[in-house]
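1. Predicted model, plus sequence, below.
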Amino acid sequence: MIQLSDWARDLLISRGALVEGEGEGVVRALVPPDVSAKLSVSDWLSLDFGTRVGADDPAEWMDRLSALLPPSPAVAGVRLRMRAPTQRIDADAILNRELVVQNGVWRLVEDYAGATPYYLFSFQHTVESDERTIGYAGVCLNGAARSLAEQPERLLRSVRDDLEDDPAFAVPAAELRALYPLAARAAEAEVRARIAFIEQSANRRLARDCERMESYYSGLLAQLEKRAARRTAEPQAAEKDRDRIQATQLDRAAKLEDLVRKYSLRVQLELTDVLVVSLPVRTISVRLIRKKAERQVTLAWNAILRALDTPLCEACSGRARPLYLCDDKVHLLCANCWSPCPACARVFCRACQPRCKCAKK
């Protein structure tokens, strides 16, 4: 998760502010006149996003700082000032430890040093229910291997002080169009996990309020039905009682629908910027074998994180760790995309066919 203080620091620096940090969640900055005007602050800005008493409201400052963002997502290219050559690694040991193939085997072909472009996508997510929550999520993709670098915030912190503008950078529009759906899928998964507690809280409050409303209307309807039962000899009065009962039932249904709308979560995900940087890697070529079929794929060991990038499922673009292989084309799959059909219990590859063959019968 990208810390708000880190995001605010980077944004202010990009707008020409002189920034210093003073502990966890604290940002101090001397800001230019145009920035102070947009934020409606003096030239000295002090922010505290910690959990201490008197800390600043994160949602309020996200809104105010967003005024410094460009109207459309910004794409920037940077490079490392000094890039040391990637040291040799024990590829076999790394693959044994980090490449988990559940239904097949792998064979190392070769590994070699190189550099590859990484794309750090930043997304803003807004969750609206009875309350409004704003946050930021980061996704880092290896553009060459089409894999996911875990812990993008740690990666960015590790290289931030060694970055400089790349004068030869040109926006790779076609590559960004291809990578964006993968990044959005990964960001959605991260945001869903992050807001799980909000969803649980909303469900608890919904259940509590629905129980109270049901109790109220159940008692009211019981009284109306008793009164209607006593007045069966009076047709006109009984008809009015039945109308009241029906109106009360309709009112209860409408109130319950209002409660569901009140506590429903509406999540909006918006791309804010993309940072492109070439990083040192060890490219690892492996043969993946499933029964009589095999396929050669390229993996990447990130020299900054010192970890193997996570392969992406070729059916749903989700994380394929642990990794499953299909029988025919040796597609890289996650557990959900190599699972039994709910109807016939036959395991099939969702990359080869989106629906089970039993659906066509």
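-> Thanks, I have the structure now. Numbers count the residues shown, from 1 in each chain.
2. burial count for the closest residue to Asp309 other than its chain neighbours?
-> Spatial nearest neighbour of Asp309, excluding adjacent residues (C-beta to C-beta, 6 or more residues apart in numbering): Ser147 at 3.7 Å. Every residue, glycine included, has its C-beta placed from N, CA and C. Residues near Ser147, counting by other C-beta atoms under 10 Å, number 25.
3. Now do Ser147 against Arg88, distance only.
-> Going from Ser147 to Arg88 by C-beta to C-beta, to the nearest Å gives 21 Å.
4. ok, now Leu11?
-> In terms of C-beta to C-beta, Leu11 sits 39 Å off from Arg88.
5. Who has more neighbours out of these two?
-> Leu11 (19 against 10).
6. Could you pull up the contacting residues of Arg79?
-> Counting by C-beta atoms under 8 Å, 6 or more residues apart in numbering, Arg79 touches 163-166, 277-278.
7. Return the list of helices and strands in contact with the helix or strand where Leu250 lies.
-> Assigned by DSSP states H and E, Leu250 falls within helix 235-263. Helix 235-263 sits against helix 196-230, with contacts defined as 3 or more C-beta pairs under 8 Å, 6 or more residues apart in numbering; DSSP states H and E.
8. where along the stretch 51-200 of the chain do the helices fall?
-> Here the stretch 51-200 of the chain has its helices, by DSSP state H, counting those that start in this stretch, at 58-65, 91-98, 152-159, 173-194, 196-230.
9. returning to that earlier point: would you mind listing which of the contacts of Arg79 are buried?
-> Neighbour-count burial (16 or more other C-beta atoms under 10 Å) is assigned, among the contacts of Arg79, to 277-278.
10. so can I have TSV of the contacts of Arg79 showing distance to Ser215?
-> Output for the contacts of Arg79, formatted as TSV (distance: C-beta to C-beta, whole Å):
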residue	distance to Ser215
Leu163	60
Glu164	65
Asp165	64
Asp166	65
Val277	59
Ser278	63
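11. what's the most distant pair in the contacts of Arg79?
-> Distance extremes for the contacts of Arg79: the farthest pair is Asp165 and Ser278 at 13.1 Å, using C-beta to C-beta.
12. re the thing from before, compile the contacts of Arg79 into JSON lines and extend it with columns for pLDDT.
-> Output for the contacts of Arg79, formatted as JSON lines (pLDDT from 0 to 100):
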{"residue": "Leu163", "pLDDT": "89"}
{"residue": "Glu164", "pLDDT": "89"}
{"residue": "Asp165", "pLDDT": "89"}
{"residue": "Asp166", "pLDDT": "89"}
{"residue": "Val277", "pLDDT": "93"}
{"residue": "Ser278", "pLDDT": "92"}
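13. Just the ones in strands from the contacts of Arg79, please.
-> Counting by DSSP state E, these place 163-165, 277-278 in strands.
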